[in-house]
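Visitor: The amino acid sequence is not available; the structure is as follows:
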């Protein structure tokens, strides 16, 4: 494209700058986490259970709730950890069906039907045996190899489980039912 004048170029650049700034400001309700990537609308907004009509707003403290993941004859129980917006909303979504897959030799992951309401939930320093919600991708993960992984505001602790990588492998590619067994 040939520019006819410096004024036209400056006008276009000003318009682009305004559009970029407006788009960034509209999507950044919380702002980027310190040291993290810029927050986009898909990762900075959270769903309110009251807005979506789900039972999340009526779920009270969930700490200690046992959630069972079952695929065929395999099952793993997860004990929900601290009570937080993310853990309450996760339990409110139950029952559901997921499909787990291997990720990076560290965890088994699954996409949730929708993003959790996580606003106000603390980040974590995951350990082997932790079930987490990863904010940027909107998925859960069963960690079995956390070597070299440290604290992150984007890794929210949901609960703990006792299963080896081999036991978790039985869930890969299988329709997995997730339900509270309290």
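Guide: Thanks, I have the structure now. Values in this document were obtained by computation on a predicted structure and should not be read as measured data.
Visitor: measure residue 92 to residue 131 for me?
Guide: 16 Å (C-beta to C-beta, to the nearest Å). Quick note: C-beta positions are derived from backbone N, CA and C, even for glycine.
Visitor: Now do the domain split for the protein, please.
Guide: 6-44, 51-180 (automatic domain parsing).
Visitor: what's the average pLDDT for the shortest one?
Guide: Summarised as a single mean, pLDDT over domain 6-44 is 37.
Visitor: mind showing which ranges of the protein have poor pLDDT?
Guide: Along the chain, the model assigns pLDDT under 70 to residues 1-59.
Visitor: the helices in it, which residues?
Guide: 6-27, 41-44, 49-52, 85-92, 165-169 (DSSP state H).
Visitor: Okay, buried residues for the last one please.
Guide: In terms of neighbour count (16 or more other C-beta atoms under 10 Å), helix 165-169 has its buried residues at residue 168.
Visitor: List of residues touching it?
Guide: Applying C-beta atoms under 8 Å, 6 or more residues apart in numbering, the external contacts of helix 165-169 come out as 74, 76, 100, 102, 108, 142, 144-145.
Visitor: hey, which of the domains of the chain is tucked in deepest?
Guide: Neighbour counts (mean count of other C-beta atoms under 10 Å) averaged over each of these peak at domain 51-180, with a mean of 17.
Visitor: Please verify my assumption that residue 134 contacts residue 141.
Guide: Yes. Assessed by C-beta atoms under 8 Å, residue 134 is found in contact with residue 141 at 6.0 Å.
Visitor: can you list residues touching both of the two?
Guide: The contact sets of residue 134 and residue 141 overlap at residue 109 (C-beta under 8 Å, 6+ apart).
Visitor: Run through the bridge partners of residue 80.
Guide: According to DSSP bridges, the partner residues bridging residue 80 are residue 159.
Visitor: Surely it touches residue 88?
Guide: No. Using C-beta under 8 Å as the test, residue 80 is too far from residue 88 to be in contact (9.1 Å).
Visitor: Now list whatever residues contact both of these two.
Guide: Between them, residue 80 and residue 88 share these contacting residues under C-beta under 8 Å, 6+ apart: residue 62.
Visitor: check contacts around residue 143.
Guide: Residues counted as contacts of residue 143 (C-beta under 8 Å, 6+ apart) are 106-107, 126-132, 149.
Visitor: Could you verify my assumption that residue 85 touches residue 121?
Guide: Yes. With contact defined as C-beta under 8 Å, residue 85 counts as touching residue 121 (5.1 Å).
Visitor: No more questions from me, cheers.
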